[in-house]
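Asker: Provide a 3D model corresponding to the input given below.
(chains A, B, C and D)
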2 protein chains.
Amino acid sequence: MGATKTDHFTAEQNEIARLAKALGHPARVAIVQHLIRVNSCICTDVVNELPLAQPTVSQHLRELKDAGLIRGNISGNSICYCIDYDRLHKLHFFIEKLRNNRPNGGKIC
Amino acid sequence: MGATKTDHFTAEQNEIARLAKALGHPARVAIVQHLIRVNSCICTDVVNELPLAQPTVSQHLRELKDAGLIRGNISGNSICYCIDYDRLHKLHFFIEKLRNNRPNGGKIC
DNA sequence: ACTATTAATCGTAATATTGCAATATTAATT
DNA sequence: AATTAATATTGCAATATTACGATTAATAGT
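Answerer: Down below sits the predicted model:
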């Protein structure tokens, strides 16, 4: 196999998994951090920032974009990437909802 | 390749990626949701809840445990799994920090 | 027009993940 | 001791991910 059985899960579970998966690689965490620090940047900037080759960075950017965590706007020669804060909020809020169920006292088992 | 270059990233980036990756599959999102709903449960409960075979569930539980998102306590014959809310907080807080950089107005590019 | 810059895509190799049947392990129960 | 119940482990097949060199396509600058 190797293929996830997405059919058997809810839309929300699949969406959250997609967002989390996008953050599930240190390079993509680093890209998101950098992107937030500088507000917006182009692929070359990320390549200079990370110890990865250009095609690899491009691939990571694409995965972040496919998950909706970042957006890319064509700007002449280059593409201006930036965070989609609404999507980041979605993941944040989901985890918040989970945490709200924490029982008083903390430990359970 | 196929192996992540963890050496080149910070401990935080690797840790966050690890946590996010654990949530990066709908089955594991479902397991976490279930675990939070019922506070704690055993592997068999999850097997009855999800459309996955027992070894597959066991594997997903292990990945969640390895990432630190859940804990398992041996209780006689079975193992009582529960959420590690501190670890969940870690991921939540990281995303919160990212979001705090959101510029006034919202859009950037 | 020519050249440089930017970034995507293609092709490929190495490794990881997902899923399950079969089996093993461990502890409770009879 | 034999049986049952709960999980983990093993082995394997299918697929996905990670990484990069080489190439391509498109725009910018000269």
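
Asker: quick one: what helix or strand has A:P55 in it?
Answerer: Taking DSSP states H and E as the definition, A:P55 sits inside helix A:54-67.

Asker: whichever helix or strand comes after that helix pairs with which strands?
Answerer: Scanning forward in sequence from helix A:54-67, with DSSP H and E defining helices and strands, the next element found is strand A:70-75. Strands that pair with strand A:70-75, judged by DSSP bridges, come out as strand A:78-83 (antiparallel).

Asker: how about chain A: which residue is closest to DNA strand C?
Answerer: Closest approach of chain A to DNA strand C (Cβ to the nearest atom of the strand) occurs at A:I42, with a separation of 2.7 Å. C-betas here are computed from N, CA, C, even on glycine.

Asker: ok, that residue - contacts?
Answerer: Shown here is A:I42, whose contacts under the criterion Cβ atoms under 8 Å, 6 or more residues apart in numbering or on different chains are A:S75, A:S78, A:I79, A:C80, A:Y81.

Asker: check the gap between the last one and B:E12 for me.
Answerer: Distance of A:Y81 to B:E12, given as Cβ to Cβ, to the nearest Å: 22 Å.

Asker: show me where chain A has its helices.
Answerer: In order along the chain, chain A carries the following helices (DSSP state H): A:11-22, A:26-38, A:43-49, A:54-67, A:85-99.

Asker: so is the first one next to DNA strand C?
Answerer: In this case it means helix A:11-22. No. Under the criterion of Cβ under 7 Å from any atom of the strand, DNA strand C is not reached by helix A:11-22; the shortest gap measures 7.6 Å.

Asker: pLDDT on that helix, on average?
Answerer: Mean pLDDT, helix A:11-22: 98.

Asker: identify all contacting residues around that helix.
Answerer: Helix A:11-22 is touched from outside by A:6, A:9, A:28, A:63-64, A:66-69, A:87, A:90-91, A:94, B:20-26, B:28-30, B:33, with contacts defined as Cβ under 8 Å, 6+ apart.

Asker: which positions in it come out as buried?
Answerer: Judged by neighbour count (16 or more other Cβ atoms under 10 Å in any protein chain shown), helix A:11-22 contains these buried residues: A:Q13, A:N14, A:E15, A:I16, A:A17, A:R18, A:L19, A:A20, A:K21, A:A22.

Asker: what of the fourth one?
Answerer: Buried positions in helix A:54-67, judged by neighbour count with 16+ other Cβ under 10 Å: A:V57, A:H60, A:L61, A:E63, A:L64, A:K65, A:A67.
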